[in-house]
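Asker: take this sequence and fold it.
(chains A and B)
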Amino acid sequence: MKKIFPPTIHLAITLVWLVVSLYMIFLYAPEEATMGEAQRIFYIHFSVACTSLLAFFFVFLGSMGYLMKRSRPADDFAYASAEVGFLYCCAVLITGPLWAKPAWGIWWTWDPRLTSTFILWLLYIAYLMLRSYVTNPGRVEVLSAVFGILGSVDAVIDYMAIRWWRTQHPQPVLAGGPGSGLDPRMWLTVFVTWGAFLCLFFYLLRQRMTMARTQRELIQLRRELAT
Amino acid sequence: MHSLNVVWAVFAKDLRVEWRSRETLAPMCVFGLLVVFLFNFAFETAHEETLRLLPGLLWIAFAFSGILGFNRSFAAERENGCMEGMALAPVDPSAIFVGKLMANLVFLGVTEAVIVFAAAIWYNFSFLPSLGWLALIVFFGTLGYAALGTIFGAIAANTRMREVMLPVMQFPVAFWILILAVDATSDALRNAASSEISQGLFRVAGISVIFAAVSFLLFEYVLEE
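Answerer: Below you'll find the predicted structure:
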């Protein structure tokens, strides 16, 4: 992986892609009719929201992988996804209110979709706290994997339970079909921005995983030196 | 040893320990009563508002006293070095989970009965017309809540600051059980149409059974040393 696709090239692609998506958000995409300029934050909000949800799915995959195969990389993958996903989830909770204030006139409402994003954020916090508070270092991986799986079940239920409440949040654009009436240039901007944030996500993810591996090797070396 | 015997052994042991030490049930009941008591003065409800506040009040009291019990459930085992014993015992770990869960259900069930009784008297509210529905909703809500509490209690027993870690894990995951249970309870107390109440009940029961099943499957990993 490192040889075929070095991190520096990954970083360069990410930066260029982010700049392109910024250009598209502010200059290429047309202004939205009712919400005006403030709507442009939607492209970032939507991209980070989808990615933060995807990240928890990765936590689930990594946790399952660890419990079944006891493979260290699977645990690194889950941990790195949780950290980067938490970052993205914070971004969702920051960009959301910034857009909600001009669009709805309020910063926050306990609408089901907002609530479930908030719960996702709490799940990330609980997962990361658990990882740093387990007393026996050899048990961190298993215990956090168990929590990761239960948390993912909760995240899935969140998105089911939404349908049982009335919601103020706009219906998902991607599932909106042709009736959702999004300008083709807006569609393109959505996809390019999402791509850019995904690319950034994977860059941070692989760097964090490398860091975890190096950290483990360092501990191993220290132990060998001590004996 | 047959799994059912293990379930019974763990369950009976927890009840016996509780009978001798009285360290779990009494604090849970006292704490539950305190929540109901404080709530009364924090909101100074007029009689007509009681119906609106009562379902939330009941479930908050259940949830908080539950946390107290779940924390004790495995912390006591840890302090006495029994976790290792359980992990080493040549029995199915899931059976230990079921035994622990049953003990927690009994403790929380008794606490809930005390809380409902206190609420009925202090708020002058008769639960009798909706008692059947209420019992079903509380049973299923408690099942899922206690299943999560049992597995998270076991995880939290492995951490520093376990008193903090348990609610931090428990509340986000158990959120929908509580919210749906409050919804269903409020329908039941309003004496809504039984189709409406049963729909709420099915939602609570469905989510609770999902969480109980996943916790049951995952418990063996928590116990291994």
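Asker: get me the contact residues on chain B for chain A.
Answerer: Counting by Cβ under 8 Å from any Cβ of the partner chain, the residues of chain B lying close to chain A are B:148, B:151-152, B:155, B:158-161, B:165, B:168-169, B:171-173, B:175-176, B:179-180, B:203, B:207, B:210-211, B:214-215, B:218, B:221-222, B:224-225. The C-beta positions use only the backbone N, C-alpha and C, and glycine is treated the same way.
Asker: any of the residues you listed buried? List them.
Answerer: Those of the residues of chain B next to chain A that meet the buried threshold are B:148, B:151-152, B:155, B:158-159, B:165, B:168-169, B:171-173, B:175-176, B:179-180, B:203, B:207, B:210-211, B:214-215, B:218, B:221-222, by 16 or more other Cβ atoms under 10 Å in any protein chain shown.
Asker: packing partners for the longest helix along chain B?
Answerer: Scanning chain B for the helix with the most residues, using DSSP state H, yields helix B:47-79. Counting by 3 or more Cβ pairs under 8 Å, 6 or more residues apart in numbering or on different chains; DSSP states H and E, the packing neighbours recorded for helix B:47-79 are helix B:25-43, helix B:82-88, helix B:93-122, helix B:131-156, helix B:162-189.
Asker: surely A:Y66 is in contact with A:D75?
Answerer: Yes: using Cβ atoms under 8 Å, A:Y66 makes contact with A:D75 at a distance of 4.5 Å.
Asker: return every residue with contacts to both of the two.
Answerer: Counting by Cβ atoms under 8 Å, 6 or more residues apart in numbering or on different chains, the shared contacts of A:Y66 and A:D75 are A:E141, A:A145.
Asker: flag every residue of chain A that's near chain B.
Answerer: Within chain A, the positions near chain B by Cβ under 8 Å from any Cβ are A:67, A:119, A:122-123, A:125-126, A:129-130, A:133-136, A:139, A:142-143, A:145-147, A:149-151, A:153-154, A:157-158, A:161, A:164.
Asker: my guess is B:I207 meets A:I157, correct?
Answerer: Yes: at 6.0 Å, B:I207 counts as touching A:I157 under the criterion of Cβ under 8 Å.
Asker: overlap of the contact sets of these two?
Answerer: B:W176.
Asker: dump the residue contacts of A:G36.
Answerer: Applying Cβ under 8 Å, 6+ apart, the residues near A:G36 are A:P102.
Asker: now do it against A:W108, distance only.
Answerer: Using Cβ to Cβ, to the nearest Å, A:G36 is found at 21 Å from A:W108.
Asker: hang on, A:F5 in a helix?
Answerer: No: counting by DSSP: H, G, I helix; E, B strand; the rest coil, A:F5 is not part of a helix but coil.
Asker: pull out the buried positions in the worst-scoring helix or strand of chain B on mean pLDDT.
Answerer: In chain B, no helix or strand scores lower on mean pLDDT, DSSP states H and E than helix B:82-88, which sits at a mean of 82. Buried residues in helix B:82-88, counted by 16+ other Cβ under 10 Å: B:M83, B:M86.
Asker: same check on stretch A:191-202?
Answerer: If you call a residue buried by 16+ other Cβ under 10 Å, then stretch A:191-202 has these buried ones: A:V192, A:T193, A:W194, A:A196, A:F197, A:L198, A:C199, A:L200, A:F201.
Asker: again with stretch B:181-197
Answerer: Per 16+ other Cβ under 10 Å, stretch B:181-197 contains these buried residues: B:A181, B:V182, B:D183, B:A184, B:T185, B:S186, B:D187, B:A188, B:L189, B:A192, B:I197.
Asker: next: stretch A:124-139.
Answerer: Buried positions in stretch A:124-139, judged by neighbour count with 16+ other Cβ under 10 Å: A:Y124, A:I125, A:A126, A:Y127, A:L128, A:M129, A:L130, A:R131, A:Y133, A:V134, A:R139.
Asker: go on, stretch B:61-78?
Answerer: Neighbour counts over stretch B:61-78 (16+ other Cβ under 10 Å) mark B:61-63, B:65-77 as buried.
Asker: got the CA positions of that stretch in CSV?
Answerer: Output of stretch B:61-78 as CSV, limited to C-alpha atoms (Å, rounded to 0.1, in the frame of the first residue of the first chain):
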residue,chain,number,x,y,z
ALA,B,61,-36.0,7.3,38.1
PHE,B,62,-35.8,3.7,36.7
ALA,B,63,-32.8,4.6,34.6
PHE,B,64,-30.8,6.2,37.4
SER,B,65,-31.5,3.6,40.0
GLY,B,66,-30.7,0.9,37.3
ILE,B,67,-27.2,2.4,36.8
LEU,B,68,-26.6,2.1,40.5
GLY,B,69,-27.5,-1.5,40.5
PHE,B,70,-25.5,-2.5,37.4
ASN,B,71,-22.5,-0.8,38.8
ARG,B,72,-22.6,-3.0,41.9
SER,B,73,-23.4,-6.1,39.9
PHE,B,74,-19.9,-6.6,38.6
ALA,B,75,-17.9,-4.3,40.8
ALA,B,76,-18.6,-6.6,43.7
GLU,B,77,-17.3,-9.6,41.7
ARG,B,78,-14.2,-7.6,40.7
